[in-house]
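Asker: Okay, sequence plus prediction incoming.
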Amino acid sequence: MSQEFKLTTVEQMEADQARLHQTAEQVGIDTWQDRVAKQMPHCGFGEKGICCRICAMGPCRITPKAPKGICGATADAIAGRNYLRMAAGGAATHSDHGRECAWKLHDATEDGYYHVTDASKLLKLAKEWGVPTKGRDIYDVAHDVADISINEYGKPTGYQRWVDRATKERQKVWEKEGITPRAVDREVVTAMHMTHMGNTADAEALVRQSLRCGLSDGWGGSMTGTEMSDIMYGTPMPHDTEGNLGVMELDQVNIVCHGHDPAVSEMIIRYAEDPEMIKRAKKVGAKGINVVGLCCTGNEMMMRHKIKMAGNFLQQEAVILTGVCDAIVVDVQCIFPNIGPVSECFHTKFYTTSPIARIPLSEYLEITSQNAGKIAEKIVREAIDNFPNRDPGKIFIPEHKHIATVGYSCEGIKSRLDTVANTHLDEFDTYKPLIECVKSGVIRGAVAMVGCNNPKVRPDYSHIEIMKKLLENDIVIVATGCAAQAASKAGLLDRRAKIFCGEGLRRVCTLADIPPVLHMGSCVDISRMMLLVTGIAKDWGINTTQLPVVGCAPEWMSEKAVSIANYVVATGIDTYLGIDPLVGGSAQMMELITEGTRKMVGAGYIINTDPEQLVKDIIDGIEAKRAALGI
């Protein structure tokens with residue numbers, strides 16, 4: 001059976017996209033492929049980070065002839081300011097997502113739309129924060145925890161309380177370097193103030209604030225989003241589902257949920273599973289209701305509810321082009337405005353649900369804690385009624401899809417490690433079995449594959465090819481976001497993919513019954529990865545900087561990725577990038593983000609736009625860490 005297992009190749013994925021692009025041409029609508037071609041060549045000043053439009057004296061561009069802006073800002077100042085603004089934008093975006101999750105928990109009631117699902121996780125967090133629990137109603141405890149979380153965003157003094165989870169060594173480093181994150185809102189406002197015309201022009205100071213701003217996200221806002229979501233919707237545990245465009249069903253009502261905040265999709269799932277809705281679907285000729293996910297909302301759904309994953313960032317137009325998308329429902333982030341025009345060419349209903357993401361040609365139905373169920377019921381009902389309106393001449397569903405084992409939260413990973421622990425000798429609920437595999441060399445190390453799709457490079461190619469090479473070299477992978485979905489589409493989340501691993505990792509996958517790539521969730525769940533490396537470092541008794549563990553974002557594109565990269569580096573994890581940061585016009589900035597941060601926090605970026613060379617660099621970096629540990 002294992003010999004018959006094959007991965008879906010990037011070439012097969014591209015053939016599916018090309019066929020769907022033919023449909024786009026047929027109906028007269030552009031897609032991202034067309035728009036990329038029209039944007040070429042990109043602005044060289046922007047790509048190098050040396051165009052400044054912060055004030056109206058410009059815009060100013062740095063050239064050999066004009067080495068300073070009108071105010072006197074150099075390439076170092078301009079590139080540094082632009083970099084910090086990207087980090088601040090990413091931190092604000094992730095963290096506001098987390099804030100909304102905290103507000104949903106604040107509004108949760110036993111008879112409301114949002115509930116406490118993982119009471120044990122809530123009580124554990126309450127104990128961590130000193131919230132009384134004995135003899136109290138679980139929702140009173142939840143509201144106190146939510147209030148504390150919300151206050152972390154704007155408290156006037158002190159530091160993020162999530163920082164207490166970091167190793168003592170990291171906390172000391174952050175304190176020494178002056179980058180311990182304060183309130184999330186304060187770090188974002190500070191970044192915007194520092195980069196206003198007439199303020200900070202020192203590149204090192206701008207990089208330090210980028211690290212601090214990133215930390216307020218990874219050890220603040222994102223961690224809030226992950227923890228609050230687990231409490232309300234359940235902590236993910238391993239289970240099987242499916243991924244790729246082949247999960248769209250011809251004979252079912254297809255509702256696509258896209259974005260990042262699970263508050264909307266949780267309601268859609270609930271009402272799509274209502275027996276009355278299923279009965280309604282059958283009355284219009286469908287066999288049932290198929291809710292599928294895109295982007296990080298899809299990851300949230302996939303890891304908690306076995307919902308199928310249609311694809312990642314660059315497939316959001318493709319799901320509509322299949323001709324069987326009866327409704328697409330979006331919340332926030334990474335949503336193409338072009339979904340509106342594409343939907344207009346089909347029968348697809350397009351709903352926006354957040355004041356943060358208002359998009360033309362959509363029906364805007366704001367979902368709140370008070371109306372969530374009613375809005376979700378309306379959307380599901382209208383999607384069902386739209387099923388008969390499909391145009392058979394516009395239908396094409398690619399056949400490719402794979403089984404995907406997902407749900408590897410930190411708790412999920414420990415649950416699998418417990419199955420291989422020695423019941424007479426080993427402690428349970430630790431990472432020690434994994435550590436022993438690394439010490440012995442059975443597993444050489446680990447890579448956190450994260451990030452986006454970027455049409456500057458061949459979509460998904462770098463993700464998939466780098467993963468395959470790492471697995472061959474006995475390096476286990478944890479993945480989130482679009483990187484995790486690339487693995488799902490290729491088949492690398494299937495447990496049978498262990499046949500592509502080296503002998504050591506293959507043996508571990510067999511014993512622990514895991515796939516070689518562990519799906520840890522959405523982009524905010526990179527906070528889980530920070531707790532994972534922290535937990536491993538604590539159980540091993542070494543610093544995070546010593547671990548044979550690295551991060552890799554081969555196709556990053558968003559501001560969120562810049563924030564993530566900063567907090568991963570600040571946590572002591574080297575980060576390998578396959579897309580150039582937009583600071584290349586400043587030699588000082590390039591030195592600061594690759595070598596300068598090593599002097600501050602013990603880690604930095606390694607940049608290589610050639611995926612074959614990038615994976616070699618990763619393997620060399622992991623082996624160097626092993627050599628330093630003497631293992």
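Answerer: Ah, there it is. Remember, it's a predicted structure, so these values are computed and weren't measured experimentally.

Asker: domains of this protein?
Answerer: In terms of domains, the chain is parsed into 71-233, 245-394, 405-629 (source: automatic domain parsing).

Asker: nearest to residue 28, of those?
Answerer: Nearest of the domains of the chain to residue 28, taken as CB to CB: domain 245-394 at 7.1 Å. Backbone N, C-alpha and C define where each C-beta goes, glycine included.

Asker: Just the terminal-to-terminal distance for that closest one.
Answerer: 16 Å (CA to CA, to the nearest Å).

Asker: where do the helices sit along the stretch 301-450 of the chain?
Answerer: 316-321, 339-344, 372-386, 410-418, 432-440 (DSSP state H, counting those that start in this stretch).

Asker: just so I know, which of those helices lies nearest residue 273?
Answerer: Taking those one by one with CB to CB, helix 372-386 is closest: 9.5 Å.

Asker: Which other helices and strands does that closest one contact?
Answerer: strand 253-259, helix 262-272, helix 275-283, strand 289-294, strand 327-330, strand 349-352 (3 or more CB pairs under 8 Å, 6 or more residues apart in numbering; DSSP states H and E).

Asker: go again using 10 Å as the cut-off
Answerer: strand 253-259, helix 262-272, helix 275-283, strand 289-294, strand 327-330, strand 349-352, strand 363-364 (3 or more CB pairs under 10 Å, 6 or more residues apart in numbering; DSSP states H and E).

Asker: just so I know, which of the ones you listed lies nearest residue 5?
Answerer: Per CB to CB, nearest to residue 5 of the helices and strands packed on helix 372-386: strand 289-294, 23.3 Å.

Asker: Report the spatially closest residue to the most centrally placed residue in the chain, excluding sequence-adjacent ones.
Answerer: Ranked by distance to the mean C-alpha position of the chain (CA atoms, centre = their mean), the top residue is residue 523 at 1.7 Å. In space, and not counting its chain neighbours, residue 523 is closest to residue 481: 4.4 Å by CB to CB, 6 or more residues apart in numbering.

Asker: quick one: pLDDT of residue 477?
Answerer: At residue 477, the model reports a pLDDT of 98.

Asker: typo on my end, it should be residue 428
Answerer: So, for residue 428, pLDDT stands at 88.

Asker: And it, how far from residue 437?
Answerer: 16 Å (CB to CB, to the nearest Å).

Asker: Would you mind giving the helices of the stretch 301-450 of the chain as TSV with mean pLDDT, mean neighbour count and distance to residue 518 added?
Answerer: Below are the helices of the stretch 301-450 of the chain laid out as TSV (pLDDT from 0 to 100; neighbours: other CB atoms under 10 Å; distance: least, CB to CB, whole Å):
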stretch	mean pLDDT	mean neighbour count	distance to residue 518
helix 316-321	98	26	25
helix 339-344	98	19	31
helix 372-386	98	20	31
helix 410-418	96	19	7
helix 432-440	96	19	11
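
Asker: Now render those as JSON lines, adding distance to residue 123.
Answerer: What follows is these, written out as JSON lines (distance: least, CB to CB, whole Å):
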{"stretch": "helix 316-321", "distance to residue 123": "38"}
{"stretch": "helix 339-344", "distance to residue 123": "41"}
{"stretch": "helix 372-386", "distance to residue 123": "25"}
{"stretch": "helix 410-418", "distance to residue 123": "14"}
{"stretch": "helix 432-440", "distance to residue 123": "25"}
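
Asker: in stretch 95-112, what counts as buried?
Answerer: Buried residues in stretch 95-112, counted by 16 or more other CB atoms under 10 Å: 95-108.

Asker: could you pull out the strands for the stretch 401-550 of the chain?
Answerer: In the stretch 401-550 of the chain, the segments counted as strands under DSSP state E, counting those that start in this stretch are 402-406, 445-449, 475-480, 517-521, 549-553.

Asker: nearest to residue 51, of those strands?
Answerer: strand 549-553 (23.5 Å).

Asker: Which parts of the stretch 1-150 of the chain are strands?
Answerer: 51-52, 60-61.

Asker: Show the pLDDT at the nearest residue to residue 348 once chain neighbours are set aside.
Answerer: The shortest distance from residue 348 to any non-neighbouring residue, by CB to CB, 6+ apart, is to residue 325 (4.8 Å). In this prediction, residue 325 carries a pLDDT score of 98.

Asker: any idea how far residue 466 is from residue 325?
Answerer: Where residue 466 is concerned, residue 325 sits at a distance of 31 Å (CB to CB).

Asker: Looking at the domains of the chain, spot the one closest to residue 22.
Answerer: Nearest of those (CB to CB): domain 245-394, 9.1 Å.

Asker: starting at the chain centroid, how far to the closest one?
Answerer: With CA atoms, centre = their mean, to the nearest Å as the basis, domain 245-394 stands 20 Å off its chain's centre.

Asker: Equivalent analysis for stretch 406-413, please.
Answerer: 15 Å.

Asker: Ok, stretch 239-255 next?
Answerer: On CA atoms, centre = their mean, the centre of stretch 239-255 falls 21 Å from the chain's centre.

Asker: ok, now stretch 122-135?
Answerer: With CA atoms, centre = their mean, you get 28 Å for stretch 122-135.

Asker: Enumerate the positions of that stretch that are buried.
Answerer: Quick answer for stretch 122-135 (16+ other CB under 10 Å): 122, 123, 125, 126, 131.

Asker: Show the contacting residues for the fourth one.
Answerer: Spelled out, it's residue 126. 132, 133, 136, 138, 141, 142, 144, 145, 148, 231 (CB atoms under 10 Å, 6 or more residues apart in numbering).
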